[in-house]
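Visitor: Need the 3D shape of this:
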Amino acid sequence: MLAKRIIPCLDVRDGRVVKGVNFAGLKDVNDPVTLARFYNEQGADELVFYDITASAEDRGLFTDILEAVASEVFIPLTVGGGINEVSDFERVLNCGADKVSVNSGALRNPQLIEDGAKRYGSQCVVLSIDIRKVGEQWRVFAKGGREDTGLDALEWIKKGEALGAGELVINSMDTDGVKQGFDLPLLKAVSEITSLPIVASGGAGNSEDFYHLFQLPNIEAGLAASIFHYGEVKIPDLKRQLAEKAIPMRIV
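Guide: Below is the predicted model:
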């Protein structure tokens, strides 16, 4: 059985790592290069770097910060924010990214997923989806959670898989930053309609939350930010606790 992955997330705005609750109320946390170096040393399995205002501000991703982060880590790095064309894939890959996360750009032009997969391989294309429950429907939101697209999230996931995405990042806006556990009903629904590996994001508050998460099928990784940024959960301790409960982990 493949080891489950623990992934810290760096949400970057104006050159600084920030974190909020439900995608709002962002507060300054730290310098991204300093945090990247720390997580590399702590034994994180991967690192996710999001330029969270690139799409909303209609600009390219901050490649200078990305290059500085990539120079500090020796683990896979997934990068997203302002990925609108295949040329954006090449730009961030040349700066040190291993995988490219598409979100708002793919919503505007779904062909971006297929074009990226054909050129760089499906394993390079990560479909990141910001999801909030509206009534009885899980809806896709765009532009860093600012815009309700009206799209049914499960239907969009099916389309993304058909177009060639190699991995999903499911960002629950309802549980983001709340620290009351991952959005298990949403993640269970997603796992039932796709065969792609799923990275769960939003809601982690303690090590037990990761244990419950990894009971679901197809969940390959748990992604979190504030609990790692503020030292509430330490990655080596989390991995040891999960391994003691028979969750396969990469221990360094």
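Visitor: Can you report how many residues lie near the nearest residue to Gln137 once chain neighbours are set aside?
Guide: Of all residues not flanking Gln137 in the chain, Asp152 sits nearest, at 6.0 Å (CB to CB, 6 or more residues apart in numbering). Glycine gets a C-beta too; all of them are placed from N, C-alpha and C. Close neighbours of Asp152, defined as other CB atoms under 10 Å, add up to 13.
Visitor: Val140 versus Asp152, what's the distance?
Guide: Note on Asp152: its distance to Val140, by CB to CB, to the nearest Å, is 8 Å.
Visitor: The stretch 151-252 of the chain: strands as residue ranges?
Guide: Under the criterion DSSP state E, counting those that start in this stretch, the stretch 151-252 of the chain contains strands at 167-172, 198-201, 219-224.
Visitor: Can you tell me what sits against the second one?
Guide: If I follow you right, that is strand 198-201. Contacts with strand 198-201, where a contact means CB atoms under 8 Å, 6 or more residues apart in numbering, come from 5, 7, 9, 126, 167-172, 176, 182-183, 187, 190-191, 213, 218-224.
Visitor: Make a ChimeraX selection of the buried ones in those residues.
Guide: Those of the contacts of strand 198-201 that count as buried under 16 or more other CB atoms under 10 Å are selected in ChimeraX with:
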select :5,7,9,126,167,168,169,170,171,172,176,182,183,187,190,191,213,219,220,221,222,223,224
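Visitor: who touches the nearest residue to Asn218 once chain neighbours are set aside in this structure?
Guide: Nearest residue to Asn218 in three dimensions, chain neighbours excluded: Ser191, at 4.3 Å (CB to CB, 6+ apart). Taking CB under 8 Å, 6+ apart, we find Ser191 in contact with 198, 216-219.
Visitor: again, but for Val126
Guide: The contact partners of Val126, taken as CB under 8 Å, 6+ apart, are 78, 80, 99-102, 165-169, 199.
Visitor: Just the buried subset of the residues you listed, please.
Guide: Among the contacts of Val126, those scoring as buried are 78, 80, 99-102, 165-169, 199 (criterion: 16+ other CB under 10 Å).
Visitor: From these, which shows the smallest pLDDT?
Guide: Ranked by pLDDT, the buried ones among the contacts of Val126 bottom out at Gly80, which scores 91.
Visitor: Got phi/psi on it?
Guide: Note on Gly80: its backbone torsions stand at phi -150, psi 160 [degrees, to the nearest 10].
Visitor: Quickly list what it is bridged to.
Guide: Beta-bridge pairing for Gly80 (DSSP bridges): Tyr50, Ser101.
Visitor: need the contact list for it.
Guide: Counting by CB under 8 Å, 6+ apart, Gly80 makes contact with 48-51, 61, 100-103, 126, 128.
Visitor: from memory His212 sits against Leu184, does it?
Guide: Yes - His212 lies in contact with Leu184 (CB atoms under 8 Å); the separation is 6.7 Å.
Visitor: Between these two, which is the more surrounded one?
Guide: Between His212 and Leu184, Leu184 has the larger neighbour count (other CB under 10 Å), namely 18 against 11.
Visitor: any weak-confidence spans in this structure?
Guide: Applying pLDDT under 70 to the chain flags the ranges 19-29, 52-62.
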